[in-house]
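K.L.:
A structural model of the following input is requested.
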Amino acid sequence: MSKLLDKEVIEQVKEAFQALDEDLQILFFEGDDCEYCSDTQQLVEEVADLTDKIHLNIYHLDHDQETAKRYNVDKAPGLVIASQNGSGAVDHGIRYAGIPSGHEFSSLIQSLLMVSSG
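P.N.:
Below you'll find the model as predicted:
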């Protein structure tokens, strides 16, 4: 499988991630018959692999209904950006519905930086 992020973008994101203060969680929600779920999952996996401060949790809208309801996610692919503490994820209300590509990719990276800094 080819990478979605090219070398130049990877280097830019790694440089930006040097500013990450606290650990984060990306909660990824997939669903059945979801056109962009596999691409979105690959994208967030590639982003999470760039630092040990980002932890990826994968859920299914139908199989993890309580978790989806807790985070108010009803669309797949869906992302929640949360900070992490000893008891789990701390929700800051940041959501993405669909694949965060194009300009939304920059927003995703900014959201991660913002949540990490508190």
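K.L.:
So what are the sheet partners of the strand ranked longest in the chain and their directions?
P.N.:
The residue-count maximum for a strand in the chain (DSSP state E) belongs to strand 88-97. Strand 88-97 pairs in its sheet with strand 78-85 (antiparallel), by DSSP bridges.
K.L.:
Return the distance of the strand it pairs with from the chain's centre.
P.N.:
For strand 78-85, the gap between its own C-alpha mean and the chain's C-alpha mean amounts to 7 Å (Cα atoms, centre = their mean, to the nearest Å).
K.L.:
if we can go back for a sec, what helices or strands is the helix or strand following the longest strand of the chain leaning on?
P.N.:
Moving toward the C-terminus from strand 88-97, the next helix or strand (DSSP states H and E) is helix 103-116. Packing contacts for helix 103-116, counted by 3 or more Cβ pairs under 8 Å, 6 or more residues apart in numbering; DSSP states H and E, involve helix 7-17, strand 24-30, helix 37-48, strand 78-85, strand 88-97. The C-beta positions use only the backbone N, C-alpha and C, and glycine is treated the same way.
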